[in-house]
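Chemist: Need the 3D shape of this:
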Amino acid sequence: MSQNIVVQKYGGTSVGSPERIRQVAKRVAATRAEGKKVLVVVSAMAGETDRLLNLAHEISERPDRREIDLLLSSGERISAALVAMALHSIDCPAISVTGRQMGLLTDNSHTRARIIEIDGERVRKILKANQVVVCAGFQGVNEQGDVTTLGRGGSDTSAVALAVALKSDICEIYTDVKGVYTTDPRIVPEARKLETVSFEEMLEMSSLGAKVLQIRCVEYANRYKMPIKVRSTFDDDPGTLICEENPDMEQPLVSGVMCARGQSKITLKGVPDQPGIAAKVFCPLSDQGVSVDVIIQNVSQEGHTDISFTLPKTHLTEAMEVMERSGKEIQAAEVIADSHIAKVSIVGAGMRSHAGIAARMFDSLSREGINIMMISTSEIRISCILEEKYAELAVRVLHDEFKLGENDSEKPSQSAENNQKAM
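Modeler: Residues are numbered from 1 along each chain as shown. Down below sits the predicted model:
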């Protein structure tokens, strides 16, 4: 049952200056004037989180994670207070609250905490009094009362979690783009904004380099079936709706092309081909919190094989330290790192029911002389690992191959346009 509550989240660029904060306040006040109860979630002002992190690392080479959380949480608190002040200035009653005050409880994983529950009693009382609640996103507290943060993009997750807890009909995410596109418009200017994206496709896109939404935010929304509307703060474009897939509508073959830079690859050569070796390679990485993506093991030759895997470039130094130790333990011949790779992917629900899409992808890349190092697939996604220098070319080639641009004549049918996705 609808609670007449609207949750609106505003990103760092949306609150990046006093003028933009005033613009946000006007939009919020207009929504309240429609008779809605409005809860606003804000990120830190653009660049503030990086500034605080740089300051921390000037003080200490390895700053304590608990202290990092306390430091970084200040960015969102500043934004919340300023937005509340802007609302006051236009006679719109508002109160800013922190993660603790809104009752957002997390586990103890500092800098990457996960939400356990949201009490939200104080927030409900404020909304009932017809005041706007401005929440500092990205943060909560653990059972010890320590401030925790949810990791990069965590304000999106805060917003969706609050929308679920308050039984809102929808969670609106306001940002500096008009919605979800078929690919990055900075790479392909003809990229098309999509009207609708399914949760499943958005999960793939977020994991593959689409920066519109944090993947944990989409996971949370999918779990509780909370629709998300991605819109621009700076105009009235209707944006893109992320929701459950409609099985009655035709699915486009390919909805978007994703590009993930900042990737790296580690190869262990001459690894003994015997039971337990893979566990000895990957368990130590897991213990260090290193996330591994694509994994390939070559066919055994004379009792030895090669194992290659990809991971974020930010984890490469730490992972190489672990692999040097593990390599000696399992008697690998060599451990090699490559930090000049990228992952280019196509995503589309239509892949479930149409053959030949992978062949078209590989053929179009080969015609441009782009070599594929590794391949990974899911039911609705195909990813290729390739040299980083070819990443943008690969995106343009694939975007053209599957006719995803604004001016392409080979568009999906009208019914399919109601269920499209992108980056």
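
Chemist: When you work out contacts or count neighbours from here on, use the C-alpha atoms and nothing else.
Modeler: OK.

Chemist: Please, where are all the helices along the stretch 151-300 of the chain?
Modeler: Along the stretch 151-300 of the chain, the stretches classed as helices by DSSP state H, counting those that start in this stretch are 154-165, 199-207, 215-224, 277-287.

Chemist: okay, those, which one's buried deepest?
Modeler: helix 154-165 (a mean of 25; mean count of other Cα atoms under 10 Å).

Chemist: I'd like the average pLDDT over it.
Modeler: Taken as a whole, helix 154-165 has an average pLDDT of 96.

Chemist: Show me what that helix is packed against.
Modeler: strand 5-10, strand 37-42, strand 115-118, strand 139-141, strand 171-175, helix 215-224 (3 or more Cα pairs under 8 Å, 6 or more residues apart in numbering; DSSP states H and E).

Chemist: 7 Å instead?
Modeler: Where contact means 3 or more Cα pairs under 7 Å, 6 or more residues apart in numbering; DSSP states H and E, helix 154-165 is packed against strand 5-10, strand 37-42, strand 171-175, helix 215-224.

Chemist: Looking at those, which is nearest to Val230?
Modeler: Taking Cα to Cα, strand 171-175 is the member of those nearest to Val230, at 4.8 Å.

Chemist: Would you mind pulling the contact partners of the closest one?
Modeler: With Cα atoms under 7 Å, 6 or more residues apart in numbering as the test, strand 171-175 has contacts from 6-11, 13-14, 159-160, 163, 227-233.

Chemist: wait, which of the helices of the stretch 151-300 of the chain is closest to Leu87?
Modeler: helix 154-165 (19.2 Å).

Chemist: Now do that closest one and helix 215-224, the angle between them.
Modeler: Between the axes of helix 154-165 and helix 215-224, defined by axes from the mean of the first three to the mean of the last three Cα atoms, to 10 degrees, the angle is 10 degrees.

Chemist: Helix 154-165 vs strand 5-10, what angle?
Modeler: Inter-element angle recorded for helix 154-165 and strand 5-10: 180 degrees (by the same axes, to 10 degrees).

Chemist: mind saving the C-alpha coords of helix 154-165 as CSV?
Modeler: Extracted C-alpha coordinates of helix 154-165, given in CSV (Å, rounded to 0.1, in the frame of the first residue of the first chain):
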residue,chain,number,x,y,z
GLY,A,154,26.9,3.9,-1.1
SER,A,155,24.5,6.8,-1.1
ASP,A,156,22.6,5.0,-3.8
THR,A,157,22.3,2.0,-1.6
SER,A,158,21.2,4.2,1.4
ALA,A,159,18.4,5.6,-0.8
VAL,A,160,17.1,2.3,-2.0
ALA,A,161,17.2,0.8,1.5
LEU,A,162,15.3,3.8,3.0
ALA,A,163,12.7,3.5,0.2
VAL,A,164,12.2,-0.2,1.0
ALA,A,165,12.0,0.5,4.8
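
Chemist: List the neighbours of it that are in contact with it.
Modeler: With contacts defined as Cα under 7 Å, 6+ apart, helix 154-165 is touched by 7, 9, 41-43, 118, 137-138, 171, 213-214, 216-217, 220-221, 226.

Chemist: and what of stretch 229-244?
Modeler: With Cα under 7 Å, 6+ apart as the criterion, stretch 229-244 contacts 14, 171-180, 194-199, 225, 227-228.

Chemist: Compile the helices and strands packed on helix 154-165 into JSON lines and extend it with columns for mean pLDDT.
Modeler: Formatted as JSON lines, the helices and strands packed on helix 154-165 follow (pLDDT from 0 to 100):
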{"stretch": "strand 5-10", "mean pLDDT": "97"}
{"stretch": "strand 37-42", "mean pLDDT": "98"}
{"stretch": "strand 171-175", "mean pLDDT": "96"}
{"stretch": "helix 215-224", "mean pLDDT": "94"}
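
Chemist: Ala260 is nearest to which of those?
Modeler: Using Cα to Cα, the nearest of the helices and strands packed on helix 154-165 to Ala260 is helix 215-224, at 13.7 Å.

Chemist: Point out the other helices and strands that that closest one packs with.
Modeler: Using 3+ Cα pairs under 7 Å, 6+ apart: helix 215-224 touches helix 154-165, helix 199-207.

Chemist: Reformat the helices and strands packed on helix 154-165 as TSV; add distance to His304.
Modeler: Formatted as TSV, these follow (distance: least, Cα to Cα, whole Å):
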stretch	distance to His304
strand 5-10	52
strand 37-42	53
strand 171-175	51
helix 215-224	37
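
Chemist: Can you say which of these is nearest to Arg152?
Modeler: Set against Arg152 and scored by Cα to Cα, the helices and strands packed on helix 154-165 come closest in helix 215-224, at 10.2 Å.

Chemist: Adding distance to Thr111, write the helices of the stretch 151-300 of the chain out as JSON lines.
Modeler: Below are the helices of the stretch 151-300 of the chain laid out as JSON lines (distance: least, Cα to Cα, whole Å):
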{"stretch": "helix 154-165", "distance to Thr111": "10"}
{"stretch": "helix 199-207", "distance to Thr111": "19"}
{"stretch": "helix 215-224", "distance to Thr111": "14"}
{"stretch": "helix 277-287", "distance to Thr111": "17"}
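
Chemist: Please name the bridge partners of Ser383.
Modeler: Beta-bridge partners for Ser383, by DSSP bridges, are Ser345, Ser376.

Chemist: and it, how many neighbours does it have?
Modeler: Here the number of neighbours of Ser383 (other Cα atoms under 10 Å) works out to 23.

Chemist: Repeat that for Ile385.
Modeler: So Ile385, with other Cα under 10 Å, has 23 neighbours.

Chemist: Might you report the residue contacts of it?
Modeler: Remark: with contacts taken as Cα under 7 Å, 6+ apart, Ile385 is in contact with Ile341, Ala342, Lys343, Val344, Ile372, Met373, Met374, Ile375.

Chemist: can I get the residues you listed in TSV with distance to Arg381?
Modeler: TSV is the format used below for the contacts of Ile385 (distance: Cα to Cα, whole Å):
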residue	distance to Arg381
Ile341	19
Ala342	16
Lys343	12
Val344	11
Ile372	16
Met373	17
Met374	14
Ile375	11
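
Chemist: Highest neighbour count among the residues you listed?
Modeler: Lys343 (28 neighbours).

Chemist: Quick one: residues contacting that residue.
Modeler: Counting by Cα under 7 Å, 6+ apart, Lys343 touches Cys259, Ala260, Arg261, Ser383, Cys384, Ile385, Leu386.

Chemist: want to try JSON lines for those, with pLDDT and distance to Gly75 as columns?
Modeler: JSON lines is the format used below for the contacts of Lys343 (pLDDT from 0 to 100; distance: Cα to Cα, whole Å):
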{"residue": "Cys259", "pLDDT": "94", "distance to Gly75": "29"}
{"residue": "Ala260", "pLDDT": "92", "distance to Gly75": "27"}
{"residue": "Arg261", "pLDDT": "90", "distance to Gly75": "27"}
{"residue": "Ser383", "pLDDT": "95", "distance to Gly75": "36"}
{"residue": "Cys384", "pLDDT": "96", "distance to Gly75": "37"}
{"residue": "Ile385", "pLDDT": "95", "distance to Gly75": "36"}
{"residue": "Leu386", "pLDDT": "96", "distance to Gly75": "37"}
